[in-house]
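> Turn this into a model:
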Amino acid sequence: MGLRANYQYLGDKELEALEKFDNEEDIFEMVEDWNEKAEILLDIDKNWDLLHYMLTGVSASDPIWEDPLSEAVVGVTSIEKIEDFIAYTKKDRVKDILKALEDFDMETALESFGLEEGKEAELYPNIWDYEEEEDEIKEDLLDCFERMKDFYKEILEADGNVLVTIY
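Modelled structure (predicted):
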């Protein structure tokens, strides 16, 4: 199945609850419940690591502190001491993230990217030997990028926070 990334609207009340969680079991129940009720939701499937790499030049396993392009993919604050990846971004950072995404030229970045580069960087998922699918992989990534920009635009308009889950 693999690791999938989801991004969703997080209200202030939910953010406060997330910041005060008691244990891992409780946090996953809360997140699953919020996911079912999410007003604004983005699923980029397994493209999170490649998208992070295209935006920043490094894998998502090495997030860049205070870099809005890195934060767009992995959030700002991660929840520690849990097995899976859950992070959030407070609403005061959303505008900067959206601006950075809007200023980024993904089409140009994709033109210079090859599957061999993904293989060398050991990016997730391991799709780097499917050279015949390179154009399809790039189209899918461009679609994820465009949907991510739309997502952050909606979050900004809704004055919301963002919940990031990768599991």
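> ok, and for stretch 41-51, which residues are buried?
41-42, 44, 46-51 (16 or more other Cβ atoms under 10 Å). Backbone N, C-alpha and C define where each C-beta goes, glycine included.
> Correction: the previous question concerned stretch 66-81.
Quick answer for stretch 66-81 (16+ other Cβ under 10 Å): 67-77, 79.
> Filter these down to the ones in strands?
residue 77 (DSSP state E).
> Out of the buried residues of stretch 41-51, which comes closest to residue 111?
Nearest to residue 111 among those, counting by Cβ to Cβ, is residue 50 at 15.2 Å.
> for the closest one, helix, strand, or coil?
Here residue 50 is helix, with the state taken from DSSP: H, G, I helix; E, B strand; the rest coil.
> buried set for the longest helix along the chain?
Scanning the chain for the helix with the most residues, using DSSP state H, yields helix 134-157. In terms of neighbour count (16+ other Cβ under 10 Å), helix 134-157 has its buried residues at 134, 137-138, 140-142, 144-145, 148-149, 151-152, 154-155.
> Need those residues in CSV (columns: pLDDT and distance to residue 59).
Formatted as CSV, these follow (pLDDT from 0 to 100; distance: Cβ to Cβ, whole Å):
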residue, pLDDT, distance to residue 59
134, 94, 19
137, 95, 16
138, 96, 18
140, 97, 18
141, 97, 15
142, 98, 19
144, 98, 16
145, 98, 17
148, 98, 17
149, 98, 21
151, 98, 22
152, 98, 21
154, 98, 27
155, 98, 25
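> Tabulate the residues you listed in JSON lines, adding columns for distance to residue 60.
Shown next, in JSON lines, are these (distance: Cβ to Cβ, whole Å):
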{"residue": "134", "distance to residue 60": "21"}
{"residue": "137", "distance to residue 60": "17"}
{"residue": "138", "distance to residue 60": "18"}
{"residue": "140", "distance to residue 60": "17"}
{"residue": "141", "distance to residue 60": "14"}
{"residue": "142", "distance to residue 60": "18"}
{"residue": "144", "distance to residue 60": "13"}
{"residue": "145", "distance to residue 60": "14"}
{"residue": "148", "distance to residue 60": "13"}
{"residue": "149", "distance to residue 60": "18"}
{"residue": "151", "distance to residue 60": "17"}
{"residue": "152", "distance to residue 60": "17"}
{"residue": "154", "distance to residue 60": "22"}
{"residue": "155", "distance to residue 60": "20"}
